[in-house]
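[1] what follows is a predicted structure for the sequence shown.
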Amino acid sequence: YEAHEARVCISTGRVLGDPRRPREYSDQQYLKSSDEMAALFADIPAALDNSLELARRCNLELRLGTYFLPAFPVPDEHTLDSWIRSTAHEGLEKRLEKA
């Protein structure tokens, strides 16, 4: 949670100590243990059974080291890598101008 709050502050240009910053997240938003989930859903035990059934139906295969980016049109003078790099540098320059 604390790392997430820091990331949110970085992305919104705020600091953790700012009392006026929006607090859209709760310290309860984390991956809870099975015991914590059982206690949380003690009144609806079928919810846990259903989540387990959903997990069994999911299948995801990842190839590490391979990027899966959508087909994105880039200018003729660029490759996808050079376009992303160029756009990132331009964005950084604009952000630094504001700082």
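    It's in. For clarity, every value in this text was computed on a predicted model and none was experimentally measured.
[2] got the contact list for the helix ranked longest in the chain?
    Longest helix in the chain, counting residues (DSSP state H): helix 80-98. Contacts to helix 80-98, defined as CB atoms under 8 Å, 6 or more residues apart in numbering, come from residues 69, 72, 74-75, 78. Bear in mind the C-beta positions are built from the backbone N, C-alpha and C, glycine included.
[3] tabulate those residues (TSV), appending pLDDT.
    Output for these, formatted as TSV (pLDDT from 0 to 100):
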residue	pLDDT
L69	77
F72	81
V74	91
P75	94
H78	94
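[4] which ones among the residues you listed map onto helices?
    Among these, no member falls in helices (DSSP H).
[5] widest-spaced pair of those residues?
    Distance extremes for those: the farthest pair is L69 and P75 at 16.4 Å, using CB to CB.
[6] still on that earlier bit, distance between the longest helix of the chain and the chain's centre?
    Put simply, helix 80-98 sits 21 Å off its chain's centre (CA atoms, centre = their mean, to the nearest Å).
[7] can you check stretch 35-51 too?
    Using CA atoms, centre = their mean, the distance from the centre of stretch 35-51 to the centre of the chain it belongs to is 25 Å.
[8] first to last residue in it, what's the distance?
    This stretch, stretch 35-51, spans 14 Å end to end (CA to CA, to the nearest Å).
[9] what residues does that stretch touch?
    Here stretch 35-51 makes contact (CB under 8 Å, 6+ apart) with K32.
[10] buried residues, it. List them.
    Of the residues in stretch 35-51, none is buried by neighbour count under the rule 16 or more other CB atoms under 10 Å.
[11] pLDDT on that stretch, on average?
    Averaged across stretch 35-51, pLDDT comes to 93.
[12] do the same with stretch 89-97
    The average pLDDT within stretch 89-97 is 93.
[13] show me which residues of it are buried.
    Across stretch 89-97, burial judged by 16+ other CB under 10 Å covers no residue at all.
[14] residue numbering should commence at 45 henceforth.
    Right, with 45 as the first residue, what we last looked at is stretch 133-141.
[15] picking up where we left off before, could you dump the contacts of helix 124-142 into JSON lines and include neighbour count?
    As requested, the contacts of helix 124-142 are arranged in JSON lines below (neighbours: other CB atoms under 10 Å):
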{"residue": "L113", "neighbour count": "8"}
{"residue": "F116", "neighbour count": "8"}
{"residue": "V118", "neighbour count": "14"}
{"residue": "P119", "neighbour count": "8"}
{"residue": "H122", "neighbour count": "13"}
